[in-house]
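structure for the following, please:
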Amino acid sequence: MFNKIVFTLCALLCVSACSKSAETVTTPEKELLATTTVGEWIVDAEGNVMFDPQTSGLVLLDGMLTTIADASAESSQQLKLHMINPSNSHLVSSTPRFHFASSVRRSCFYNYLNDQPDLEALAVDPRNPDVIYTVTEDATRTGALSTRCEAKFAETGSTDYPTLLVKLTRLDDGRVEVSNVRPLQFASSLEVGNFPNDGIEGLTMDKDGTLYLGLEKDKAGQPRIFTLNIDDNFWSTGDFAPVKEPNLILPTFSAGNHPINGLALYSDSAQGTFIIAAARNDNELWIIDISGDKDTKRIPVTFKVNGGEACGQYLMDNASMEGLIVEGDTLWIINDPWEKNYMKNAICEADTKRYEDLAPLLFPVTINSKWFE
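Sure, this is the predicted structure:
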């Protein structure tokens, strides 16, 4: 009789444990909020894909989706803005190579900015659509700062070579000017850590001048979001710009890499304003309440490719989303082809060359109002 009672109790405990585990892994809410998107190859008027642009960041300018290349891109793609028509994923044009204002040329950072800078992310200033912000990440390719500059900008609180916030200004003649630059400073209490290639990869700006900056990981391996207030006096100096940390509820992780690789703002008249973050490694969108009142929702995203008549629609192994922007009820996502993993997607011969060329795709996602409840 005793053995029968023990067996019954063990069976009940096993059922209870299994049920709890199942609820943790998959919940009905997560399934309900998940989304699938089908990407289109970004091509020019002749149907040629973009060759190795390493697209980083996405904004909307004059109705065109606009992106930028990072330091690992093919050299002809760098230090330019690239405009894409969202209606057909056509590359419409690229700007001439950036022009540098005299003040930037005289700064400590001109040599780096003029020679394959690792530009990551874009944000348009809502108060002036001719002003765009970008940020640098990995500066290990460049030489050290001069002795004077190194002494002045040593206390970064993060990497040895400071992270740079860069102001781009669209000029009347079609050129884009690198008009200002300021290094960012992280307080030691923030414990950001020294990770040159795991820095700021997301930017987005609110209409009140708050610039949000998404960090891939800190010393504890956690993604973070910081802010700067870009007021009328912000660019009156080239000194350090100290960041602050808003009271946001972000996911935390016990292991693995879970970086933020892009940020966009979305405002809902009933629910408030949210940051939509691209969690590249997790294939998720994170819906972050900027008031800090609501828990972050993690939205699973399935990425597919429109392979045309030859390939049809097929599932991607590695999409590596990098930039995102809201246009009405559509969230546009652009990927940054990850050379290490991109060929895993080449399951159809007709698209193989496009993967070899590290060509990016444009993905539309219909925004779900339930994400913000």
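
where does the spatially closest residue to residue 361 that is not a sequence neighbour land on pLDDT?
With C-beta to C-beta, 6 or more residues apart in numbering as the criterion, residue 361 has its nearest non-adjacent residue at 3.5 Å, and that residue is residue 39. Any C-beta I mention is one placed from the backbone N, CA and C, and that applies to glycine too. pLDDT, the model's per-residue confidence, is 98 for residue 39.

gap between residue 39 and residue 299?
To residue 299, residue 39 is 17 Å away according to C-beta to C-beta, to the nearest Å.

those two - which one has more neighbours?
residue 39 (23 against 20; other C-beta atoms under 10 Å).

my read: the more buried one touches residue 354, true?
No - Residue 39 lies out of contact with residue 354 (C-beta atoms under 8 Å); the separation is 11.2 Å.

and residue 111, that one's in a strand?
No - per DSSP: H, G, I helix; E, B strand; the rest coil, residue 111 lies outside any strand segment and is helix.

so what's it up against?
For residue 111, the contacting residues are 142, 143, by C-beta atoms under 8 Å, 6 or more residues apart in numbering.

what about it, distance to residue 144?
10 Å.

do the same with residue 49
To residue 144, residue 49 is 38 Å away according to C-beta to C-beta.

tell me which of these two has more neighbours.
The neighbour count for residue 49 versus residue 144, taken as other C-beta under 10 Å, is higher for residue 49 (20 against 10).

list the contacts of the more buried one.
Applying C-beta under 8 Å, 6+ apart to residue 49 gives the contacts 41, 42, 43, 354, 357, 359.

can you pull the phi/psi pair for it?
Main-chain torsions, residue 49, degrees, to the nearest 10: phi -70, psi 160.

can we start the residue count at 24 from this point?
All set: I'll call the first residue 24, so the last point we hit is now residue 72.

excluding chain neighbours, give the residue nearest to it in space.
Nearest in space to residue 72, with sequence neighbours left out and distances taken as C-beta to C-beta, 6+ apart, is residue 382 at 3.5 Å.

pretty sure that neighbour contacts residue 64?
Yes - contact criterion C-beta under 8 Å: residue 382 and residue 64 qualify, at 6.2 Å.

so, low pLDDT: which residues of the protein?
Residue ranges of the chain with pLDDT under 70: 24-54.

just give me the residue closest to the centre of the protein.
The chain has residue 285 as the residue nearest its centroid, 1.8 Å off, counting by C-alpha atoms, centre = their mean.

excluding its backbone neighbours, what's nearest that one?
Leaving aside its chain neighbours, residue 285 sits nearest to residue 301 (3.6 Å; criterion: C-beta to C-beta, 6+ apart).

ok, residue 257 - contacts?
Going by C-beta under 8 Å, 6+ apart, residue 257 touches 205, 251, 264.

so which strand or helix has the first one?
Element membership for residue 205, per DSSP states H and E: strand 199-208.

same for that strand, what does it pack against?
Strand 199-208 sits against strand 122-123, helix 125-128, strand 187-193, strand 264-265, with contacts defined as 3 or more C-beta pairs under 8 Å, 6 or more residues apart in numbering; DSSP states H and E.

identify the residue nearest residue 165 in space, chain neighbours excluded?
Spatial nearest neighbour of residue 165, chain neighbours left out: residue 135 (4.5 Å); criterion: C-beta to C-beta, 6+ apart.

distance of that neighbour relative to residue 186?
Residue 135 sits at a distance of 12 Å from residue 186 (criterion: C-beta to C-beta).

who's more crowded, the two?
Taking neighbours as other C-beta under 10 Å, residue 135 and residue 186 compare with residue 186 leading, 28 against 22.

next up, phi/psi of residue 332, please.
Dihedral pair for residue 332: phi -60, psi -30, per degrees, to the nearest 10.

same question for residue 174.
Dihedral pair for residue 174: phi -70, psi -40, per degrees, to the nearest 10.

SS state for the residue nearest to residue 72?
Counting by three-state DSSP, the backbone at residue 382 sits in coil.

got the contact list for it?
64, 65, 72, 73, 74, 75, 360.

can you check residue 296 too?
Contacts for residue 296 were tallied using C-beta under 8 Å, 6+ apart; they are 229, 288, 289, 290, 313, 314.

excluding chain neighbours, give the residue nearest to the last one in space.
Closest residue to residue 314 in three dimensions, ignoring its sequence neighbours and counting by C-beta to C-beta, 6+ apart: residue 295, at 5.9 Å.

can you tell me the element residue 378 falls in?
Assigned by DSSP H and E, residue 378 belongs to helix 372-379.

what's next to that helix, contact-wise?
Contacts for helix 372-379 (C-beta under 8 Å, 6+ apart): 64, 72, 328, 330, 331, 333, 334, 360, 365, 366, 368, 369.

give me the buried entries from these.
Among the contacts of helix 372-379, those classed as buried by 16 or more other C-beta atoms under 10 Å are 64, 72, 328, 330, 360, 365, 368.

run through the bridge partners of the first one.
What it means is residue 64. Judged by DSSP bridges, the bridge partners of residue 64 are residue 384.

next up, the contacts around it.
Contact analysis of residue 64 by C-beta under 8 Å, 6+ apart lists 72, 112, 328, 329, 377, 382, 384.

let's have the contacts of residue 382 in JSON lines, adding distance to residue 213.
JSON lines is the format used below for the contacts of residue 382 (distance: C-beta to C-beta, whole Å):
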{"residue": "64", "distance to residue 213": "40"}
{"residue": "65", "distance to residue 213": "37"}
{"residue": "72", "distance to residue 213": "40"}
{"residue": "73", "distance to residue 213": "36"}
{"residue": "74", "distance to residue 213": "39"}
{"residue": "75", "distance to residue 213": "35"}
{"residue": "360", "distance to residue 213": "32"}
